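1. model the structure of this input:
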Amino acid sequence: MASTGDVEASDRGLLVAERDRRVSEAKQRGEKVYRWDYTVRKCWTTLSRRLEQVRVPRLRGREEIGLMERYERHGLDQMLFALTVGGLRQRKVVGWVRRFLGGALSPATIGAVLEQAQEQVEQRRNAAIPPGRYRADGIYLRYRRSVSQPGRKGVLLVAVGVREGGGFEVLDWRAASAETTEDCEELLTRLWKRGLEKAELIVSDGLIVIIGAAQMVYPTAGHQRCLAHWFRNLEALTPRLAWLDRRKFGREFSWIWEAGNQAQARDWARRFCARWRWAAPEMVEKFQFEVEEVLAFFNFPAQ
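-> Residues are numbered from 1 along each chain as shown. Sure thing, here's the model as predicted:
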């Protein structure tokens, strides 16, 4: 297995290869760009490790050209981890790096990067979780259960937490062949074992399996249907309206979600249905049938 020194050397090699690629492209465009020594970054923190005293190549045209920005936003190890877990074999990842980044990495080096990243991921998954409001959903994609296994189609069940300031954080996930009550219950049970003994509100796309699992693990938690999923379903049932009617329809629909409380939202929803039930009968029928499932968030005003 490749050592940490080998991984760091590969990262430096990729930076040099990126510098040379940019110089070559600039010359083809007729621009004057020069290799301009190195600068030393005291610390470069990535997902899986912390590098110190990193020598970063410099470029100079009419002014200095930054080389680190793309790597600061998208760490090399994060890209390798995403590519491999997403189903790309390690040897294909080597080819991808050679083709798009102009560098050379061995499968052993990639394996070392992935092991370090996986350790960080497992530490994060086992950290204690404070009480709060959470969202559960399934994402269908092609993934790997482990680095050593081939890619397969399935669903990734994801639990996302809402921070105090309104930001989001991925808390945990579970790979499964389909969205089932058993798999959803296992995901929520992991959160409970990590210290989340009480959840105030759980948001999902409305599938019975997620609701059933939430009732077993967190019976006192409120449930909220995901507005994004619900809005898309309603939009599919909304007929084409004239431009002016479409503007009025959208404006009156959006007013409902700007209400100050549930009572006001119900009143505005009733008026909306009375006004548009003839123009959009299927949409209004579904709206009336499911609207009570999407009002729970009014019990948790922004703080």
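2. what about the particular helix or strand that has Arg22 in it, average pLDDT?
-> Assessed by DSSP states H and E, Arg22 sits inside helix 4-28. Averaging pLDDT along helix 4-28 gives 70.
3. wait, Glu293 sits on Asp205?
-> No: counting by CB atoms under 8 Å, Glu293 does not reach Asp205; the two are 10.9 Å apart. For the C-beta atoms, the positions are set from N, CA and C on the backbone; glycine is no exception.
4. more neighbours: which of those two?
-> Applying other CB atoms under 10 Å to Glu293 and Asp205 shows that Asp205 carries more neighbours, namely 17 against 14.
5. one step back: what do Glu293 and Asp205 both touch?
-> Jointly contacting Glu293 and Asp205 under the rule CB atoms under 8 Å, 6 or more residues apart in numbering are Arg225.
6. wait, what's in contact with the closest residue to Val291 other than its chain neighbours?
-> Nearest-residue entry for Val291: Ala269, 5.4 Å, with adjacent residues in sequence omitted and distances by CB to CB, 6 or more residues apart in numbering. Neighbouring residues of Ala269 by CB under 8 Å, 6+ apart: 256, 287, 291.
7. need the pLDDT of the residue lying closest to the first one once chain neighbours are set aside.
-> Same thing as Ile256. Spatial nearest neighbour of Ile256, chain neighbours left out: Trp268 (4.7 Å); criterion: CB to CB, 6+ apart. You'll see Trp268 listed with a pLDDT of 95.
8. and Trp268, what element?
-> Going by DSSP H and E, Trp268 is in helix 262-276.
9. next SSE downstream of that helix?
-> helix 281-290.
10. for that next one, list every residue counted as buried.
-> For helix 281-290, the neighbour count (16 or more other CB atoms under 10 Å) marks 283-284, 286-287 as buried.
11. can you put the residues you listed in TSV and add distance to Leu14?
-> Conversion of the buried residues of helix 281-290 to TSV gives the following (distance: CB to CB, whole Å):
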residue	distance to Leu14
Met283	52
Val284	56
Lys286	52
Phe287	53
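12. what mean pLDDT would you report for stretch 282-291?
-> Here stretch 282-291 scores 94 as its mean pLDDT.
13. what's that stretch in contact with?
-> 206, 225, 230, 233-234, 237-239, 266, 269, 272-273, 276-277.
14. let me know the closest of those to Gly250.
-> Taking CB to CB as the measure, Gly250 lies nearest Thr238 of the contacts of stretch 282-291, at 9.7 Å.
15. tally of neighbours for the closest one?
-> Neighbour tally, Thr238, other CB under 10 Å: 18.
16. Gly212 now?
-> Residues lying near Gly212 (other CB under 10 Å) number 14.
17. in what helix or strand does it lie?
-> According to DSSP H and E, Gly212 maps onto helix 208-217.
18. packing partners of that helix?
-> In terms of contacts (3 or more CB pairs under 8 Å, 6 or more residues apart in numbering; DSSP states H and E), helix 208-217 is packed against strand 132-143, helix 181-193, strand 199-204.
19. mind redoing it with 6 Å?
-> Packing partners of helix 208-217 (3 or more CB pairs under 6 Å, 6 or more residues apart in numbering; DSSP states H and E): helix 181-193.
20. for the helix it packs on, which outside residues touch it?
-> With CB atoms under 6 Å, 6 or more residues apart in numbering as the test, helix 181-193 has contacts from 129, 157, 159, 172, 174, 176, 209-210, 212-213, 216-217.
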